[in-house]
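> Here you go, sequence then predicted model.
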Amino acid sequence: MQGRYWKSKELAVKIDTTPLSIPVSHAGDSVIAGAMLTLDAGELRELQLPAGEGVYLPARLATELRAQTGDTVRIQGVDVTLLGTFDPQRLSKMREIDGSPILPVMSNGICTDASAPT
């Protein structure tokens, strides 16, 4: 298994509620993503997504960009192929081998662990 890459705001003693802004664009349309995460082949299988060279976006972001599978999208100035979309709710339910959530418990101020108190 390769290392995990997660891009989000740093945790700090002082609470910073300003969300991380990752620009994503396609054909003149642009949106802001709040985080990025790499997944290994096994995790992609769990989400029923094939591995490949490119990225998956939440369905809502792809719709806002009017991007289709196979299109080129630009993320922070880097052109990548859109492999498809995923359901963020399914991702938030995935667990590490030790049972902990695959996503940080707090992501942009939103609790991603369904079992965590609200």
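Nice, I can see it. Numbering: from 1, shown residues only.
> and Thr72, how many neighbours?
Other residues lying near Thr72 total 12 when counted by other CB atoms under 10 Å. For glycine as for every other residue, the C-beta is placed from the backbone atoms N, C-alpha and C.
> err, Gly34, not the other one
Quick note: Gly34 (other CB under 10 Å) scores 15 neighbours.
> Confirm for me that it is in contact with Ile22.
Yes: Gly34 is within contact range of Ile22, at 7.1 Å (criterion: CB atoms under 8 Å).
> gap between Ala62 and Gly54?
Ala62 is 12 Å from Gly54, where distance means CB to CB, to the nearest Å.
> neighbour count winner among those two?
Comparing Ala62 with Gly54 by neighbour count (other CB under 10 Å), the higher total belongs to Ala62, at 22 against 15.
> how close does that one sit to Thr81?
Ala62 is 13 Å from Thr81, by CB to CB.
> just Ala27 next, same as before
Counting by CB to CB, the gap from Ala27 to Thr81 is 14 Å.
> could you pull out the strands for the chain?
6-7, 22-26, 29-33, 36-37, 55-58, 72-75, 78-86, 106-107, 110-111 (DSSP state E).
> Looking at those, which is nearest to Arg95?
With CB to CB as the criterion, Arg95 lies closest to strand 36-37 of the strands of the chain, at 14.2 Å.
> Okay then, goodbye and thanks.
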